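Visitor: Would you be able to build a 3D model of this:
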Amino acid sequence: MKKHLFLILSIFLTGVLTPAFSVADQTTVITDIADAGVETRVVEQLVEEAQKPKATVVSETKTPVTQAPVVKTVPVAAPVKDSITIAGKTLSITTVSDTTIDSGNHVNRYKKGNYDGRFLYGHNNAAVFGSLKSLGVGATFKVGIDGATHTYKIAKTVIFDKNVAKGTIELGDGINYMGQVAKAKFGGIQYDLSIMTCHGKSLGGGDATQRLVIFASRID
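Guide: Numbering: from 1, shown residues only. Have a look, this model is predicted:
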């Protein structure tokens, strides 16, 4: 208490009863001095802290980054074409409803009414059925039709003569076998598939004097 009183009196005498002053980094205020005693209240403030500029809080607005949706590309399988793999070649098959339609460089499949698509035909050239004559009974091949692939075994081969005048194929007996061949039938036996191509001497225009027909049975 004495230290406080001494300090206050020193300040009072030096400052000639000056009511307030500033020293360095603090402000001291002297109030109420009475005869009966001295009652003081000292308020200290850190001027340095008070004078420091207050930090301005800047509210940062972040623009949300919009990410483009990831689109996964799912590969779409191409439609599987009907085909036949025989004598070292894979050939596409086109279904037709008229046997007079030329097969070009592929194979035609005849399907109409009672003819249920068991009959295939194509030209006798290097690009198509030129090697069929080298196949014998027991040889196998594959045919993929309507999304299913099966293996066939040759059960019989027949060579028919063409009757140019009548436009039919005959086995030397004058009987037209074309209707049976188109149903994959021969000699009272029903086969699973028949394949026909030209044979013999060329008559020009993709025609010839004979027809080679293969009758086959499915084995799987």
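
Visitor: can you give me the helices for the chain?
Guide: With helices called from DSSP state H, the chain shows them at 2-14, 47-51, 178-181.

Visitor: and the ones you listed, which one is worst for confidence?
Guide: Least confident of the helices of the chain, judged by mean pLDDT, is helix 2-14 with a mean of 46.

Visitor: Just give the number of residues close to the closest residue to residue 88 other than its chain neighbours.
Guide: Spatial nearest neighbour of residue 88, excluding adjacent residues (C-beta to C-beta, 6 or more residues apart in numbering): residue 131 at 6.7 Å. For every residue, glycine as well, the C-beta is placed using N, CA and C. Residue 131 is flanked by 14 other residues according to other C-beta atoms under 10 Å.

Visitor: pLDDT at residue 131, what is it?
Guide: 95.

Visitor: what's the distance between residue 95 and residue 185?
Guide: Distance, residue 95 to residue 185, by C-beta to C-beta, to the nearest Å: 20 Å.

Visitor: Among the two, which residue is more densely surrounded?
Guide: residue 185 (16 against 13).

Visitor: For the more buried one, list each beta-bridge partner.
Guide: Beta-bridge pairing of residue 185 under DSSP bridges involves residue 190.

Visitor: The residue nearest to residue 155 when sequence neighbours are not counted and residue 90, how far apart?
Guide: Nearest residue to residue 155, sequence neighbours excluded (C-beta to C-beta, 6+ apart): residue 217, at 4.9 Å. Counting by C-beta to C-beta, the separation of residue 217 from residue 90 is 21 Å.
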